[in-house]
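Student: the following block contains a protein sequence and its predicted model.
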Amino acid sequence: MILVVLGSVLSVCIGGAVALIAVIPKSALWMGPLVCPSPYRLAYSTSDYSYKPGQSGTSVDFACVSGASSYDANVFAIDGIQSLVIALVLCVVAVAVSLVRRRSRRAN
């Protein structure tokens, strides 16, 4: 049972991180110093594409950039760090909900 819960939480964290980065790529830029060594900074570019009439998508690419020099950023590191942040937020929410429930039980 615990493995199912942990797997579910892990899936939510990873899925949330990927969705957040896909919808708001700028949300990943804060981790530039963790992903790109100095003097490089983390940057992103988006490109729209179409694969069927009436259907399209957007691709997001991250790169470590310094002047005219750049290289592809490690997307797994970006997703992993973003997943940890989402896990931290979920833990804070879970603790807050637990405290509110505990106080409401004591009041009754």
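Tutor: Sure, I can see it. Numbers count the residues shown, from 1 in each chain.

Student: only C-alpha atoms for contact and neighbour calcs from this point on.
Tutor: Will do.

Student: quick one: neighbours of residue 19, just the number.
Tutor: Close neighbours of residue 19, defined as other CA atoms under 10 Å, add up to 13.

Student: then residue 83?
Tutor: Close neighbours of residue 83, defined as other CA under 10 Å, add up to 22.

Student: which residues are in contact with it?
Tutor: Counting by CA atoms under 8 Å, 6 or more residues apart in numbering, residue 83 makes contact with 13-14, 16-17.

Student: any chance of those in a markdown table, plus neighbour count?
Tutor: Shown next, in a markdown table, are the contacts of residue 83 (neighbours: other CA atoms under 10 Å):
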| residue | neighbour count |
| --- | --- |
| 13 | 23 |
| 14 | 20 |
| 16 | 17 |
| 17 | 24 |
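
Student: narrow those residues to those in helices?
Tutor: 13-14, 16-17 (DSSP state H).

Student: and the gap between residue 3 and residue 57?
Tutor: Remark: distance between residue 3 and residue 57 (CA to CA, to the nearest Å) = 35 Å.

Student: can you give me the strands in the protein?
Tutor: Remark: strands assigned in the chain by DSSP state E are 41-52, 55-66, 69-72.

Student: of the ones you listed, which is nearest residue 24?
Tutor: Closest approach to residue 24 among these (CA to CA): strand 55-66, 9.8 Å.
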